[in-house]
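Novice: whatever this is, show me its structure:
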Amino acid sequence: MTGFPIRPTRRGLLGTAAALGAGAPAGPALAQSLRGTTLVFASWGGAYQEAQKVCYCEPFAAETGARVVQDGPMNAARFRTMAESGAPDWDVVDVTINTLFTGTHDGLLEKIDTSVVDTNRIAPQFVHEYGIGCIAWSYNLAYNTKTFPAGRRPTTWADLFDTRKFPGKRTMLDQPTANLEAALMADGVAPSDLYPLDVERALRKIDTIKTQTVFWTTNSQSQQLFVDEEVSVGIILNGRAYDASRKGADIGIAWEGNIQSVDYLVVPKGSKNRAAAMKLIDVMTRAENQAKLAGMIAYAPTNPAAFKDIDPALAPWLSTSPENTRKGFVINAEWWRQNERRLMERWAAWKLAR
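Specialist: Model prediction:
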């Protein structure tokens, strides 16, 4: 596949969840020892990166003799600076589809070596010339289940902005992505009519709760805000909510209007360990490893063969569950690629304004 991939669709995400048949056999054997090689893997920190370490990096190290150092959290500006320097500190990086598109457009990524990475095992809509999809996930409305007991819980994005019916501190991302979509849906815009986003209308809507909102900068922080009960309702990734719930937090999520996306594994341009990085990506796409990760944190695999080993009880937490997929939509990453820099500047200015 060359150029930009077809943007993942609702049907594509649903198809991945339904494809429970056998996948391709394990990729090329890692015959060559990598003992003495040190790779740096960068991701989003917290429970997700710990799961990646256990399910991906440790098996790779045991199999090859290589050492994998963890770094992060992933930061788009830091990633760009590294790649543009031609001597990045990171070798394999977990990025959002926005960064994949931007990095491809700006020449910041190494091509995926398909002689090493077995792309046949991955659902086609998640295979890109410069990145391999590793998880499907969603932004969801989350709430404290003690504060809002059954029968009185928020269910739509409009409820995030209803401080009378659902009092307490809010939380949102400290960036425009997903916030703008959620605000517009809360203001009555249908998902099918969102793009191009009416940015100023969305910001006016967020203005109504700005003083009551804690803006999180990392996924780990969003999870901790609910664990510590500093907020009662807000935006969180489905896997982070699942991990918090699994560890005893009083948290639930709503699926209406969930905003779906995909993370990709990429190698920044100029990686001094490009060959070994490709081998790590290959291990990260194996069915057994992706199934194990999904069991630790509720992000859906991109290898269809992994679904047969996932506990059915996990399905209600996965964005690729048919019911959850039907209630959401896939974020328009191509629109964000074209507008992200401008909107990050607009977001920063808006936050500074009273």
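
Novice: now residue 169: how far from residue 114?
Specialist: 48 Å (Cβ to Cβ, to the nearest Å). Any C-beta I mention is one placed from the backbone N, CA and C, and that applies to glycine too.

Novice: which parts of the protein are strands?
Specialist: Per DSSP state E, the chain carries strands over the ranges 38-42, 67-71, 92-96, 127-128, 131-144, 170-173, 213-216, 233-237, 251-266, 329-330.

Novice: hmm, residue 215 and residue 170 touching each other?
Specialist: No - Residue 170 is beyond contact range of residue 215, at 9.4 Å (criterion: Cβ atoms under 8 Å).

Novice: and those two? which has more neighbours close in?
Specialist: Ranked by neighbour count (other Cβ atoms under 10 Å), residue 170 and residue 215 place residue 170 first, with 22 against 17.

Novice: for that one, give its distance to residue 41.
Specialist: Taking Cβ to Cβ, one finds residue 170 at 33 Å from residue 41.

Novice: residue 282 now?
Specialist: Distance from residue 282 to residue 41, counting by Cβ to Cβ: 14 Å.

Novice: now do residue 240
Specialist: 19 Å.

Novice: more neighbours, the two?
Specialist: When residue 240 and residue 41 are compared for neighbours, residue 240 comes out ahead with 29 against 24, by other Cβ under 10 Å.

Novice: wait, isn't that one in contact with residue 224?
Specialist: No - look at residue 240 against residue 224 with Cβ under 8 Å: they stay out of range, at 9.4 Å.

Novice: could you dump the strands of the chain into a markdown table with distance to residue 158 and mean pLDDT added?
Specialist: Output for the strands of the chain, formatted as a markdown table (distance: least, Cβ to Cβ, whole Å; pLDDT from 0 to 100):
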| stretch | distance to residue 158 | mean pLDDT |
| --- | --- | --- |
| strand 38-42 | 36 | 98 |
| strand 67-71 | 39 | 98 |
| strand 92-96 | 26 | 96 |
| strand 127-128 | 35 | 94 |
| strand 131-144 | 10 | 96 |
| strand 170-173 | 13 | 98 |
| strand 213-216 | 16 | 98 |
| strand 233-237 | 12 | 97 |
| strand 251-266 | 9 | 96 |
| strand 329-330 | 16 | 92 |
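
Novice: dump those to CSV, plus distance to residue 198.
Specialist: Shown next, in CSV, are those (distance: least, Cβ to Cβ, whole Å):
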stretch, distance to residue 198
strand 38-42, 34
strand 67-71, 38
strand 92-96, 22
strand 127-128, 30
strand 131-144, 19
strand 170-173, 18
strand 213-216, 20
strand 233-237, 19
strand 251-266, 16
strand 329-330, 17
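
Novice: these: which one's closest to residue 313?
Specialist: The closest of the strands of the chain to residue 313 is strand 251-266. By Cβ to Cβ, the value is 15.5 Å.
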